[in-house]
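[1] my questions are about this predicted structure, shown below with the sequence.
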Amino acid sequence: MEGSRTRRIAIVLSIVVAVLGTSLTGLATAHVRGVVTGRAVDGALIVRTDDADVAIVLSENTKVRETSGMRAIKVDVASLIPGLRVDVEGTYQSTTHFLADEITFTRDDLKMGGTSRPVSPRQTQRF
């Protein structure tokens with residue numbers, strides 16, 4: 001009787017651990033897709049998603065990559081210009097702050113990103 005009780009407890013505990021481990025793993029990594037709109041005062045990248053603006057917090061471990069077909073090229077953070085469509089993998093720190101592990105974009109997105117920046121008044125006054 002004592003052996004079957006111990007066995008039941010072990011089974012219940014293993015199920016609880018498996019369920020908690022699965023749910024925590026699902027929450028660990030998240031995905032944000034949107035368009036870079038600028039930078040915050042604290043240096044965070046502001047990305048507009050379908051729902052809201054999200055501050056993408058960059059760290060020294062954040063990887064920025066440009067994908068071209070099957071190849072991914074490591075690029076500088078300065079490549080993240082306004083108008084650029086990006087995919088960000090990482091974790092939410094709050095509802096509006098997201099810690100980025102990896103930021104990727106395509107070469108076509110980079111070409112399009114430069115064309116959607118606002119025109120300054122000096123550029124429109126050329127004759």
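    Now that the structure is in, tell me what you want to look at. Every value quoted in this text rests on a predicted model; they were computed, and no experiment measured them.
[2] list the contacts of residue 89.
    Residue 89 is in contact with 29-31, 100-104, counting by CB atoms under 8 Å, 6 or more residues apart in numbering. The C-beta positions use only the backbone N, C-alpha and C, and glycine is treated the same way.
[3] grab the nearest non-local neighbour of it.
    residue 102 (4.6 Å; CB to CB, 6 or more residues apart in numbering).
[4] so which helix or strand takes in the one you found?
    According to DSSP states H and E, residue 102 maps onto strand 97-106.
[5] circling back to that earlier point, would you agree the residue nearest to residue 89 is in contact with residue 90?
    Yes: if you go by CB atoms under 8 Å, residue 102 and residue 90 touch, sitting 7.3 Å apart.
[6] these two: which is more packed in?
    residue 90 (21 against 15; other CB atoms under 10 Å).
[7] what are the bridge partners for that one, then?
    residue 30, residue 100 (DSSP bridges).
[8] any low-confidence regions in the protein?
    Scanning the chain for pLDDT under 70 picks out 1-3, 5-28, 113-127.
[9] try 90
    Counting by pLDDT under 90, the chain contains low-confidence residues at 1-29, 40-43, 50-52, 68-72, 78-79, 94-96, 107-127.
[10] show me where it has helices.
    2-28, 107-113, 121-124 (DSSP state H).
[11] for the nearest residue to residue 44 once chain neighbours are set aside, give me its contacts.
    Once flanking residues are discounted, residue 44 sits nearest to residue 55: 4.0 Å by CB to CB, 6+ apart. Taking CB under 8 Å, 6+ apart, we find residue 55 in contact with 40, 42, 44-46, 96-98.
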